[in-house]
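Undergrad: I would like the atomic coordinates for the input below:
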Amino acid sequence: MSGQDKYNQGGKQRSFGRKASKKRADFEQNHGPENLSGGLTDETFKNRNYSKHQGASEPLTLFVSKQVDPETAKYFSEIANVIEGTDIDFEERSAICGNALEETRGKEVELATDYIISHTLQTLLDGCSVDHLCGFLRSCSKEFPRISMDRSGSHVAETALKSLALHLQDNETHSLIEETLTTICEVIVVNPIDVMCNCHGSHVLRSLLCLCKGVPLDSSEFHATKSSTVLAERLNFRPPQTDRNDSQHFLQGLPDLLKFLVSEMLNAARKNIATLQIDQYSSLTALKLLVGHEEVLLHIIPILLGCQKENVVEGNLIEIAVVKNLMSLTKETSFSHLMEVILEVSPDTLYNELFTKVFKNSLFEMSSHPCGNFVIQALISHARSESHLLRFMFILDSLHNLCRLSYELQIMDLIWEELGTKFKDLLGMGRSGVIGSVIATSQRFHTHEHKCCQALAAAVSTGNESSKSVVPRILFLDNYFWHGDKSNWNWPNGAKMNVVGSLILQSIFKLPSEFIQAYVTSITSLEADHLLEASKDTRGARVIEAFLSSNASGKLKRKLVVKLRGHFGELAVHPSGSFTVDKCFSVSNVSLREVIASELLAVQTELSKTKQGPFLMRKLDVDGYAKRPDQWKSRQESKESAYNDFFAAFGPKASKSSRNDKFLSDFRSTSQPETLKEMRKEIDTRLASALAPTSGSQFLAHVSSTKLGMSGHKRPPETAGRSEKFTRHGMDDDVIKSKSNKQKKSKGDDDVHNEKPAKYSDKKEKKRKDGSSKL
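TA: Alright, predicted model coming up:
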C-alpha cells in the first residue's frame, strides 16, 4: 500500500451521525437501560489504546447518568408533538421553546444525555430566543463537559453553540453571549484532558474554538481537512489555508476568549502532555485557528512538543533534550498529524529551529517511514522564503562554550543535499508524495527545478534508454515499481493511473520548457491508443491538459493533437475527455479546429444530452459551423489574426521573434499569466459580440493590419475614409452606436496601454488621454 493512503487509515473512524428513531421500546430492547442515558462506561476506556510513549496520567472521570422520570419524559414527548407536528408562527414557537427550556432546570444532564429527549432538546435550542439559550447554557455550565462527552449530549452541546453563532452577530446580545461562553470555558479549563481525549467531547471543543475564532462551525477547514485538499496545497494546486485571505468569511468572534481557552487548557494539561501528543481524539490540531497570533503560538507549541522551560527565547525555543523524543513521536500516527499542523502554523523562527534541530540530517530516514513521510512533506511544503537564514548551533564540548555559526544556505540546498539522490529509493517505497513536495517547493522558490526534473526522469529510467517511457511510467508509478522486470515494462491497458504521479506531471509541465524536454518528448511520443486511454482517465486527462497549457512550442502541441483525430467526438461525450477536447481546440490551427468542429457535429445529438456538452458546443460554435462553415472558418482566422496582432503589440518582447511558430495560446507570461488569460478572454468576448451574424450582414473575413490598436474599449464608428487597420462589412447601426457611447463613458478610466485613434478623413486627429481600460 502506498504511503499516500495514511490519511485514510491510522485511528478509528468516527461518526457523529445519529438515527432519528423515536421508538423508545425498540431502542431499550436493543441497547438496554444501562446505556439509555448515554453515560460513559468502563468499556469506553478499555477500548482506548494508548501508545507506549504515553506517560502516567489521571484516569478520566466516569459518570453514572440518571434516567429521566416518566412524567418528565411524557411532558417532552408532548412538546415534541406540538412543535414538530403543526405549523406555528415564529413568535409562538419561540415562546413554547423558551417555556419548555425552563422545565429543564436542574435536569439538563439527564435530558441532554437521553437518546430520545436529546432530539427534542436540540429542536428547542434551535427555536428559542437568545435569552433562553444563554440561560440554559449558564444553568448547565458546570455539567457542560459531562454533556459534551456523551454520545447524545454532544449533539445538544453543538446545537447550542451553532445557535449562539447565529446570535453572536447581533451587537446587542454580544456581551451576553461572551459572558455565557466565558462561564463555560472557565469550567472546561479546570480539567480539560477529559474533554480533549473524548471522541465526542473533542468535537464539541473544536466547535467552541471555532465559535470563539469567528469561523463557521460547519467549516471543514478546522474540523477535518480532506487528504485531497492537503495534497493539493502541498503541490501548489491550491494556496495553503494559512496564506489565503479568508477574513471575509469570518464571523464576529471572541479573540481574547480564544487565547484564554487555548492557553489555560494547555497549562492545566501540561502534566498530561504525553497523553495529548498521541491521543487520536485530542483537539490539538485546532492550532490552525491561532494563525496570526505568533506570541500565543510561540508559547503553546513548545509546550505541545514537551519542552519544560517556562520562558523560552528565540534561538532556544526547542530544548535539545526533547529532540530525540520528537523524532520517535513523529512516527506515531496521531502525533504525525499534530506535527504537520505545527509545521504549517509555526512562526518563522520556530520553523527554522524545528528544521535544523529536529529534522536536519534525518530527512531520508523520516521520508521512509509510513507516518513520518507525511511530516517531511509538510516540512518541505511549508518551507519559508529562501531569504531567511538558517542558524546552526554547534556545541564545543571541549571548551564548554556555545558557538553559533550562521550560514546563508537556502532551504532547498539542505533538502536537495539529503533527498536529491534518493528519488528512486523513495518511489520504490511508495513515497511519491515527498518527491512531489520537493518539486513543488523548487517551483515555488525557482531553484533546483532542472535538477528535480533530471532526478525524477533518471528515477524511472533504466540504463541509457530513451526518455520516451518517462511519462507513462510516472502515470503508472505503482504498477511500474511493482513490476519485476522493469526494463520490459509496457503500458498496462485498463490499469488505474497513479494520483500523485499525475499531480507530479502536472507540476512538471508548469516549469520552463528548457527544463522539461524529456517529458515533452515522452508525452508527444505516446501511441495514439495510449493517448486516447489517458484522455478518458481523469488523472491522465489532466496531465494532457497541463502539457497543452505549458509553454512548449505550438508545433509539439499540435503533434499530440493530431494523434487524437477521429476520436474528438468520442472524447467530447466523455466527462474527462471533454476538457481535453477544449484544450486541443485552443492550441490548434484553423484546419485542426475545423476537424474538431466537424467531429463534434457528428455527435451533436448525443453531446447535447451530456452535462458538459452544451457548454462545449457553444464555446466551439458548433452550430455556427453547421450553418455557415465558410463564415465559421473566416471567423476563426480573424480571431487568430487578432490574437497574434494583439500579442505582437503587447506580449513579452522575448517571444515576439518566435510568434510565427506559435499561436497566442501557446505563449505563457512568466510574470502575469492571469493577465494574458484575461486579455484573451476579453478579445473573445468582444469579437463574439461585434462580429455576431445578423440578417443581411456578414462576418469579418480577416484582419489585415500588421499592428492592432486594441484597447479595453470598442472602437468608435468610422466614416468611409476610415483607417485601413480593419475591414468590416455590414455592421449594424445599433452596434456602432453602442460602441461610440461606451467609449465616451470610458474617457476617465485608468490606462494600461495608450494608443492613437484612427485618423478620420473629415476630422482632425485627436489625442486620447488615458482612455483605455485595463485589459
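Undergrad: how about the nearest residue to D621, chain neighbours excluded?
TA: Distances taken as CB to CB, 6 or more residues apart in numbering place W632 nearest to D621, at 6.3 Å, with adjacent residues excluded. Heads up, the C-betas are built off the backbone N, CA and C, glycines and all.
Undergrad: one more: G253?
TA: Once flanking residues are discounted, G253 sits nearest to G214: 2.7 Å by CB to CB, 6+ apart.
Undergrad: thinking again about what came up before, which SS state does the residue nearest to D621 fall under?
TA: At W632 the chain is in helix, as set by DSSP: H, G, I helix; E, B strand; the rest coil.
Undergrad: wait, R473 sits on V460?
TA: Yes. Proximity of R473 to V460 meets the contact threshold set by CB atoms under 8 Å, at 4.2 Å.
Undergrad: what is in contact with the two at once?
TA: Common contact partners of R473 and V460 (CB atoms under 8 Å, 6 or more residues apart in numbering): Y480.
Undergrad: ok, and what's touching the helix or strand that contains P472?
TA: Using DSSP states H and E, the element containing P472 is helix 470-475. Contacts of helix 470-475 with the rest of the structure, by CB under 8 Å, 6+ apart, involve 456-457, 460-461, 480, 489, 491, 497-498, 501-502, 504-505, 518-519, 522-523, 526, 530, 534, 539-540, 543.
Undergrad: might you report the residue contacts of the nearest residue to H200 once chain neighbours are set aside?
TA: Leaving aside its chain neighbours, H200 sits nearest to S154 (3.8 Å; criterion: CB to CB, 6+ apart). By CB under 8 Å, 6+ apart, the contact list for S154 reads 16, 147-148, 200-201, 203-204.
Undergrad: okay, now S638: neighbour count?
TA: 20 (other CB atoms under 10 Å).
Undergrad: any weak-confidence spans in the stretch 151-300 of the chain?
TA: For the stretch 151-300 of the chain, applying pLDDT under 70 flags the ranges 219-228, 236-251, 283-285.
Undergrad: for it, which segments count as helices?
TA: Secondary structure of the stretch 151-300 of the chain (DSSP state H, counting those that start in this stretch): helices located at 153-167, 171-188, 192-196, 201-213, 220-223, 227-234, 255-268, 273-278, 294-304.
Undergrad: which members of the contacts of S154 are the farthest-apart pair?
TA: Using CB to CB, the two most remote members of the contacts of S154 are F16 and I147, lying 14.7 Å apart.
Undergrad: neighbour-wise, which of those two wins?
TA: Between F16 and I147, I147 has the larger neighbour count (other CB under 10 Å), namely 28 against 12.
Undergrad: could you check the pLDDT of that one?
TA: The model reports I147 with a pLDDT of 95.
Undergrad: what does N488 give?
TA: pLDDT, N488: 88.
Undergrad: for it, grab the count of nearby residues.
TA: Counted with other CB under 10 Å, the neighbours of N488 add up to 8.
Undergrad: likewise S487?
TA: 9.
Undergrad: immediately after the helix holding P472, which helix or strand?
TA: Per DSSP H and E, the first helix or strand lying C-terminal to helix 470-475 is helix 477-482.
Undergrad: then the helix or strand following that following helix to CSV, C-alphas only?
TA: Next helix or strand after helix 477-482 toward the C-terminus (DSSP H and E): helix 499-508. Provided in CSV are the C-alpha atoms of helix 499-508 (Å, rounded to 0.1, in the frame of the first residue of the first chain):
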residue,chain,number,x,y,z
VAL,A,499,-2.9,10.1,-8.4
VAL,A,500,0.4,11.5,-7.1
GLY,A,501,2.1,10.6,-10.4
SER,A,502,-0.5,12.6,-12.3
LEU,A,503,-0.1,15.6,-9.9
ILE,A,504,3.7,15.5,-10.2
LEU,A,505,3.5,15.6,-14.0
GLN,A,506,1.1,18.5,-13.9
SER,A,507,3.6,20.3,-11.7
ILE,A,508,6.4,19.4,-14.2
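Undergrad: quick one: list the elements packing against the next helix or strand after helix 499-508.
TA: Using DSSP H and E, the helix or strand that directly follows helix 499-508 along the chain is helix 517-524. Packing partners of helix 517-524 (3 or more CB pairs under 8 Å, 6 or more residues apart in numbering; DSSP states H and E): helix 449-459, helix 470-475, helix 538-548, helix 554-562.
Undergrad: what comes up buried for helix 517-524?
TA: For helix 517-524, a neighbour-count test (16 or more other CB atoms under 10 Å) marks 518-520, 522-524 as buried.
Undergrad: in a markdown table, list these along with pLDDT and distance to D194.
TA: Below are these laid out as a markdown table (pLDDT from 0 to 100; distance: CB to CB, whole Å):
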| residue | pLDDT | distance to D194 |
| --- | --- | --- |
| A518 | 95 | 58 |
| Y519 | 97 | 54 |
| V520 | 96 | 59 |
| S522 | 96 | 57 |
| I523 | 97 | 57 |
| T524 | 96 | 62 |
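Undergrad: dump those residues to TSV, plus distance to E599.
TA: What follows is the buried residues of helix 517-524, written out as TSV (distance: CB to CB, whole Å):
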residue	distance to E599
A518	32
Y519	28
V520	26
S522	26
I523	22
T524	21
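Undergrad: tell me which residues touch the closest residue to Q169 other than its chain neighbours, please.
TA: Spatially, and ignoring its direct neighbours in sequence, Q169 is nearest to Q252 (5.5 Å; CB to CB, 6+ apart). Residues near Q252 by CB under 8 Å, 6+ apart: 168-169, 174, 214.
Undergrad: out of those residues, who's nearest A597?
TA: Of the contacts of Q252, the one sitting nearest to A597 (CB to CB) turns out to be G214, at 51.3 Å.
Undergrad: kindly provide the distance from that closest one to L257.
TA: As judged by CB to CB, to the nearest Å, G214 and L257 stand 11 Å apart.
Undergrad: got the contact list for the spatially closest residue to S525 that is not a sequence neighbour?
TA: Leaving out its chain neighbours, the residue that sits closest to S525 by CB to CB, 6+ apart is K468, at 4.5 Å. Listed by CB under 8 Å, 6+ apart, the contact partners of K468 are 521-522, 525.
Undergrad: equivalent analysis for V460, please.
TA: Going by CB under 8 Å, 6+ apart, V460 touches 424, 427, 469-470, 473-474, 477, 480.
Undergrad: okay, now the unreliable bits of this structure?
TA: Low-confidence segments of the chain, defined by pLDDT under 70: 1-65, 85-86, 219-228, 236-251, 283-285, 309-315, 385-410, 651-775.
Undergrad: at 80 instead, please
TA: Applying pLDDT under 80 to the chain flags residues 1-66, 84-88, 217-252, 283-286, 308-316, 384-410, 463-464, 643-644, 646-775.
Undergrad: related to what we said a few turns ago, my guess is the residue nearest to D621 contacts A597, does it?
TA: Yes. If you go by CB under 8 Å, W632 and A597 touch, sitting 7.2 Å apart.
Undergrad: now do the shared contacts for those two.
TA: Counting by CB under 8 Å, 6+ apart, the contacts common to W632 and A597 are 621, 625.
Undergrad: how many residues are close by T229?
TA: Around T229 there are 14 other residues, counting by other CB under 10 Å.
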